[in-house]
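> Predicted structure and sequence below. I'll ask about it afterward.
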Amino acid sequence: MSRYANGPRFPMGRPVITPSAQALLDEVDISGILLLARHIHGDWGDLSVEDQTANELALLTGRRLLSSYDLPGGRKVWIITEADRSVTTILLPDNY
């Protein structure tokens, strides 16, 4: 059975990625599509319990959603879905 058998937990809107995030994902050979799949299925990545709880509440209240994924070399990318679910952006923390 698929890890994501229940489908996405929210609409992601239009997916976008910053050039620096794309360059980093290319460098470490990780697909942005796979990270988006984790994000929209509620796998928030490497967040504190408090931030994970905030995301669960945001699903109910229509607020912004954040995932953070650690990458090789001590780097990370964030994925943010806007509160209105119109856009989901993959970016580096420095881009925020």
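That came in fine, so what should we check first? Numbering: from 1, shown residues only.

> isn't residue 10 right up against residue 40?
Yes. Counting by CB atoms under 8 Å, residue 40 is a contact partner of residue 10 at 6.5 Å. C-betas here are computed from N, CA, C, even on glycine.

> Residues that sit against both of those two, list them.
Here residue 10 and residue 40 share the contacting residues residue 81, scored by CB atoms under 8 Å, 6 or more residues apart in numbering.

> Comparing those two, which residue is more hemmed in?
residue 40 (21 against 17; other CB atoms under 10 Å).

> The protein: helices as residue ranges?
19-28, 32-40, 49-61 (DSSP state H).

> just those: most buried one?
Compared across the helices of the chain, helix 32-40 shows the largest average neighbour count, a mean of 18 (mean count of other CB atoms under 10 Å).

> Give me the angle between that helix and helix 49-61.
Relative orientation of helix 32-40 and helix 49-61, computed by axes from the mean of the first three to the mean of the last three CA atoms, to 10 degrees: 80 degrees.

> what is the mean pLDDT for helix 32-40?
For helix 32-40, mean pLDDT is 97.

> same question, stretch 61-70
98.

> Give me the distance from it to the chain's centre.
6 Å (CA atoms, centre = their mean, to the nearest Å).
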